[in-house]
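> Provided below for reference: sequence and predicted model.
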Protein chains: 2
Amino acid sequence: MDRILEIAKLLMRNNQVYFTLIANELSKYGITIPQAVVLDTIKDQRRTIGEISKAIDLSYSTVSGIVDRLERHRLVVRERDEIDRRVVWVSITDQFGCLGKDHPILIEDLYSHIFLDDFKELSSEQLDSLYSSLQLINRLVEKKAKVIQEKKGSEVV
Amino acid sequence: MDRILEIAKLLMRNNQVYFTLIANELSKYGITIPQAVVLDTIKDQRRTIGEISKAIDLSYSTVSGIVDRLERHRLVVRERDEIDRRVVWVSITDQFGCLGKDHPILIEDLYSHIFLDDFKELSSEQLDSLYSSLQLINRLVEKKAKVIQEKKGSEVV
DNA sequence: GAAAAATATTTCTAATGCGAAATATTATAG
DNA sequence: CTATAATATTTCGCATTAGAAATATTTTTC
């Protein structure tokens, strides 16, 4: 019981520190974590606001705001779809190309860059166990998340 | 390598869902997670803004804002220290007493309330392993966090 | 004891984040 | 073919978060 609480706290605390570390790394290039996450989703191909929202599990309005600021920094551009004019395409600019080539701006690179050393301290068995435990917890937690999602959906009716 | 990335993602994803679930639970009582965390620190005794900030690892300005809103909801009161008038004491009101008595508003209660079932699915061995792995990662991560903290401190000079 | 340094808090600016409402556009129903 | 429904996005209001600057007060220094 106490141990469970401790585990929950460790999970949250680790997460908090991870974010601080990544944010610190990104601040060198003048971008934030959410901005990097969005850039990650469009680095290889343009995406609509809706596609980005679903891919990174943030609301449309939040993504719209992040894209506002990325556009202001000239790292991405918005373009209306010619056929379906409701749709907005977001794509990276040359300016982003210059920034991204030499530095780890994309989230997966940052994970590697920052945490690989930490995880290397764990034995293969520990990693196996950690992975399976987290997967199990994740399955249970996702189930609860789904229930809430569905409740919200039904309320709208 | 891929597995490490997967673990990092699971850690973050679980955390995200946890927050959603807790926020959902708290919204029934009209309060938010940060508000509940602050209330938790002052439920038994009044605290200064600075004490709260250190206890929950948030900036003074953030705590000041949260207390603003809790005060607006009449759940806490601010009082200037009579002797050292720089200091502001924050304490719960009777109104909070009424709210908190019957419902799990405090974060530890919420953990139990929401996650105990999930963690019960893990065997005692799995819990042991999870705990020790997380502790190890946490030690390494905290070390890095400390380095950053110190860098920032030296920059201020 | 007055100037300077230290301490405690608030205010301001900027970036998230969500949900609800508004807007624009396309698809569908009758 | 037009009224309505559905879809995609933005805007708005509110809460959170940090850091920097401002404010208030106390302590230290000389």
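Noted; the coordinates are in hand. Residues are numbered from 1 along each chain as shown, chains lettered A, B, ... in the order given.
> does residue A:133 count as helix, strand or coil?
For residue A:133, the secondary-structure state derived from DSSP: H, G, I helix; E, B strand; the rest coil is helix.
> right, and it touches residue B:130 too?
Yes: Residue A:133 sits in contact with residue B:130 when judged by Cβ atoms under 8 Å, with a separation of 4.4 Å. Yep, even glycine has a C-beta here, placed from its N, CA and C like the rest.
> list residues touching both of those two?
The contact sets of residue A:133 and residue B:130 overlap at residue B:122 (Cβ atoms under 8 Å, 6 or more residues apart in numbering or on different chains).
> tell me the contacts of residue A:57?
Applying Cβ under 8 Å, 6+ apart, one finds that residue A:57 lies in contact with residue B:16.
> Can you name the residues in contact with stretch A:87-100?
Contacts made with stretch A:87-100 from outside it, assessed by Cβ under 8 Å, 6+ apart, are listed as A:29, A:38-39, A:42-43, A:45-50, A:52, A:67, A:74-81, A:105-106.
> mind listing which of those residues are in helices?
For the contacts of stretch A:87-100, membership in helices holds for A:38, A:39, A:42, A:49, A:50, A:52, A:67, with DSSP state H as the criterion.
> Spatially, which two of those residues are the most separated?
Of all pairs drawn from these, the one with the largest separation by Cβ to Cβ is A:39 and A:50; the distance is 17.2 Å.
> Roughly how far does residue A:141 sit from chain B?
5 Å (Cβ to the nearest Cβ, to the nearest Å).
> That residue contacts residue B:17, correct?
Yes: A contact is recorded between residue A:141 and residue B:17 when judged using Cβ under 8 Å, the distance being 4.6 Å.
> Centroid-nearest residue for chain A?
What sits nearest the mean C-alpha location of chain A, by Cα atoms, centre = their mean, is residue A:37, with 4.5 Å.
> Roughly how far does it sit from DNA strand D?
With distances defined as Cβ to the nearest atom of the strand, to the nearest Å, the gap from residue A:37 to DNA strand D amounts to 16 Å.
> Those residues of chain A touching DNA strand C, which are they?
Within chain A, the positions adjacent to DNA strand C are A:32-35, A:57-62, A:65-66, A:69, A:83-86, A:152, A:156 by Cβ under 7 Å from any atom of the strand.
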